[in-house]
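J.: Fold the following for me, if possible:
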Amino acid sequence: MKILKKAVAMALMLAALVASTAFAATDTPSVNAASAVLINADTGRVLYEKNSHQKMYPASMTKMLTSMVVLDNMDLNETITVDSSINEIPWDSSVAGLEYGEIMTVENLIRGLIIPSGNDVAAAAASAVAKKNLGKEVSYSEAEQYFAGLMNEKAKELGCTDSNFVNPHGYHNDNHYTSAYDMSLIAQAAMKYDIIKTVAAETKFSGNSAGKQKYNVSGKTVEHTWYSHNNLITNGADYYKYATGIKTGFTDQAGDCLAASATNGNENLIAIIMNSEDPGRWNDAKALFEWAFEKYDMTVYRQAGVVATAQLTGHNRLKGDTLDISINEDLSEYLTAEEAASVETKVVNDNGGETIEAPVKQGDKVATLEFLLNGEVIGQADAYATRDVGKANIFNTSAYYIKAFFTKVFSAGNIKYGIAVIVVILIVIVILILRNKRKNRYKIKGNYSSRGKYDTSRINAKKRRRRGDRDKYNKYR
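T.: Model (predicted):
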């Protein structure tokens, strides 16, 4: 019997160990890259991070930022003429095969940056933007310096704090660095540009450098065929059915890097993998995506309507001391079921205090609501009054305290005391009535003057006569 009990106990322990191991495996994905981040592309919420703010080299992932700077300074259908800047790149750079003097649309410039990852395209783009904005011919070194300034301004605008960029292509430079977190901000912003989002999903481009303007331009145009380096979107061993882009990168110092995006239904994710080794970057990205798609959902954590109650001050207390406040729209975030149930609400009143001050009209904005998960703000919304709140005055305040007094006196546990209070009140009333009757008897004997005051002269005269008679008597006694 003892042996059987021990066997059962061991089996239970083994089952618990297996269950806990399985849970741990699904709860946090295993990532081999030196640094990584997974975010929701719509909300920016960080779902997973590993050394996310560690200094890293971005290699050709830099071209996502380059693409945005180009699009911020040039129209999509605008054309450039490729200059000698294409000869200024390092000899071992990845190239798209641009030719000196060829005419290229900005749209295909973006394709040349993203699909074949051409350093020659990046140099031509930087030169074109610098010349346009400065309004003069400049050397490539001047153009690169100017364009790098625009890149750093854009990165700062996006919230990047770990980055510095010195060239448009990402060829290694010790002063050209970033972090996985900063690259997630850059990738998220880049995918909001329609042309970048479209091009990031293209596995191949074959066409003319001038695109549809081939027959409308005067000058040389070139036919190009480019293939994507992103194995997640090509039909190979590393293909991932939900992948939608974005950009690869490699240098000896940076290692294999990847900015990957994936969409499953209404769930849009971005993974940044830095300093990995093939096929590690593809496996890490897929593992992160699968983990998040299984664990998270875009969840409405607060529905439109009443979501909180606020304390009032300076109000008519007969109507209550609190005010229900509401929001006008549903609020969503990419959450697990457990997280959705744990979201807390904090009321930040517009007056800066801890209470809402009367008077208030129904529909007035009275506060801002902050929604917190584990102490972190995941959402905000304006809050509105659901009813009118009147201001306190002497009448409603007195009525409130009288009501409160009698409510307390006649509560279930105080009925005996309530009866006693009624008896005392009745006794006081009787005493007041008796005193009033006594006053009335004096009023009958006296007179009232013309000013409405009681005239006691007759009574006083009678008293004086009595006093005089006594004095007279005493005189002859």
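
J.: dump the residue contacts of Thr43.
T.: Glu333, Tyr334, Ile378 (C-beta atoms under 8 Å, 6 or more residues apart in numbering). For glycine as for every other residue, the C-beta is placed from the backbone atoms N, C-alpha and C.

J.: In terms of pLDDT, where does the nearest residue to the second one once chain neighbours are set aside sit?
T.: So that's Tyr334. Once flanking residues are discounted, Tyr334 sits nearest to Asn40: 4.0 Å by C-beta to C-beta, 6 or more residues apart in numbering. The score at Asn40 is 97. That number is its pLDDT.

J.: Run through the bridge partners of Asn40.
T.: Beta-bridge partners for Asn40, by DSSP bridges, are Leu269.

J.: Give me the distance between it and Tyr384.
T.: Asn40 sits 28 Å away from Tyr384, going by C-beta to C-beta, to the nearest Å.

J.: again with Gly363
T.: Distance of Gly363 to Tyr384, given as C-beta to C-beta: 6 Å.

J.: more crowded one of those two?
T.: Tyr384 (17 against 12; other C-beta atoms under 10 Å).

J.: What pairs with the strand or helix carrying the more buried one, parallel or antiparallel?
T.: In this structure, Tyr384 sits in strand 376-385 according to DSSP states H and E. Strand 376-385 has the following sheet partners, assigned by DSSP bridges: strand 322-327 (antiparallel), strand 365-373 (antiparallel).

J.: Give me the buried positions along it.
T.: Neighbour counts over strand 376-385 (16 or more other C-beta atoms under 10 Å) mark Ile378, Gly379, Ala381, Ala383, Tyr384, Ala385 as buried.

J.: and those as TSV, adding pLDDT?
T.: Shown next, in TSV, are the buried residues of strand 376-385 (pLDDT from 0 to 100):
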residue	pLDDT
Ile378	93
Gly379	93
Ala381	95
Ala383	93
Tyr384	95
Ala385	92
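
J.: Can you name the residues that contact the residue nearest the centre of the chain?
T.: The centre of the chain sits closest to Gly379, judged by C-alpha atoms, centre = their mean, with a distance of 3.7 Å. Neighbouring residues of Gly379 by C-beta under 8 Å, 6+ apart: Tyr301, Arg302, Leu331, Glu333, Glu370, Phe371.

J.: let's see 7 Å
T.: Gly379 makes contact with Leu331, Glu333, Phe371, according to C-beta atoms under 7 Å, 6 or more residues apart in numbering.

J.: now do Thr263
T.: Thr263 makes contacts with Tyr242, Thr244, as judged by C-beta under 7 Å, 6+ apart.

J.: how does it look with 10 Å?
T.: For Thr263, the contact set (C-beta atoms under 10 Å, 6 or more residues apart in numbering) comprises Ala41, Ala201, Tyr242, Ala243, Thr244, Gly245, Leu269, Phe289, Phe293.

J.: With Thr355 instead?
T.: Here Thr355 is in contact with Ala310, Gln311, Leu312, Thr313, Gly314, His315, Asp321, Thr322, Leu323, Val347, Asn349 (C-beta under 10 Å, 6+ apart).

J.: Now the third one: which helix or strand?
T.: In this structure, Leu312 sits in strand 305-313 according to DSSP H and E.

J.: what is the mean pLDDT for that strand?
T.: 87.

J.: try stretch 72-87
T.: For stretch 72-87, the per-residue pLDDT averages 97.

J.: ditto for stretch 127-140
T.: Across stretch 127-140, pLDDT averages out at 97.

J.: what do you get for stretch 335-342?
T.: 94.

J.: swap in stretch 354-361?
T.: In the prediction, stretch 354-361 has an average pLDDT of 84.

J.: Quick check: buried residues in it?
T.: Thr355, Ile356, Glu357, Ala358, Val360.

J.: which residue sits closest to Glu202, ignoring its sequence neighbours?
T.: Ile115 (6.1 Å).

J.: How about the secondary structure of Thr62?
T.: Here Thr62 takes the helix state, with states given by DSSP: H, G, I helix; E, B strand; the rest coil.

J.: my guess is it meets Asn164, correct?
T.: No - using C-beta atoms under 10 Å, Thr62 is not in contact with Asn164, being 11.3 Å away.

J.: now Leu109, nearest residue through space, not along the chain?
T.: In this structure, Leu109 finds its nearest non-sequential neighbour in Ala125, 5.5 Å apart by C-beta to C-beta, 6+ apart.

J.: which residues of the stretch 151-300 of the chain fall in strands?
T.: Counting by DSSP state E, counting those that start in this stretch, one finds strands in the stretch 151-300 of the chain at the ranges 204-208, 223-227, 243-251, 255-264, 267-276, 297-302.

J.: Can I get the strand holding Tyr384 in PDB, CA atoms only?
T.: Provided in PDB are the C-alpha atoms of strand 376-385 (Å, rounded to 0.1, in the frame of the first residue of the first chain):
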ATOM      1  CA  GLU A 376       1.300  51.200 -17.200                       C
ATOM      2  CA  VAL A 377      -1.100  53.400 -19.000                       C
ATOM      3  CA  ILE A 378      -2.500  51.500 -22.000                       C
ATOM      4  CA  GLY A 379      -5.200  54.000 -23.000                       C
ATOM      5  CA  GLN A 380      -6.900  57.300 -22.300                       C
ATOM      6  CA  ALA A 381     -10.300  58.700 -23.000                       C
ATOM      7  CA  ASP A 382     -12.400  61.900 -22.200                       C
ATOM      8  CA  ALA A 383     -15.100  61.300 -19.600                       C
ATOM      9  CA  TYR A 384     -18.500  63.000 -19.600                       C
ATOM     10  CA  ALA A 385     -21.200  63.700 -17.000                       C
END
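
J.: chain center to it, what's the gap?
T.: On the basis of C-alpha atoms, centre = their mean, to the nearest Å, strand 376-385 sits 9 Å off its chain's mean C-alpha point.

J.: same check, this time on stretch 157-175
T.: 26 Å.

J.: and what of stretch 332-343?
T.: Stretch 332-343 has its C-alpha centroid displaced from the chain centroid by 14 Å (C-alpha atoms, centre = their mean).

J.: where does this protein have low pLDDT?
T.: 1-26, 315-316, 318, 395-401, 403-421, 439-477 (pLDDT under 70).

J.: returning to what we had before: what bridges to the residue nearest to the centre of the chain?
T.: What pairs with Gly379, by the bridge criterion (DSSP bridges), is Phe371.

J.: With Val347 instead?
T.: Beta bridges link Val347 to Leu369, judged by DSSP bridges.

J.: Ala383 is in contact with that one, correct?
T.: Yes - with contacts counted by C-beta under 10 Å, Val347 reaches Ala383, the gap being 7.0 Å.

J.: shared neighbours of these two, anything?
T.: Common neighbours of Val347 and Ala383 (C-beta under 10 Å, 6+ apart) are Val307, Ala308, Ala310, Ile325, Ile356, Val366, Ala367, Thr368, Leu369.

J.: Now restrict those residues to buried residues only.
T.: Buried subset of the shared contacts of Val347 and Ala383 (neighbour count, 16+ other C-beta under 10 Å): Val307, Ala308, Ala310, Ile325, Ile356, Val366, Ala367, Leu369.

J.: quick check, nearest of the residues you listed to Ile195?
T.: Leu369 (37.2 Å; C-beta to C-beta).

J.: Correct me if wrong: that closest one contacts Arg302.
T.: Yes - the pair Leu369 / Arg302 is scored as a contact, 8.2 Å apart, by C-beta under 10 Å.
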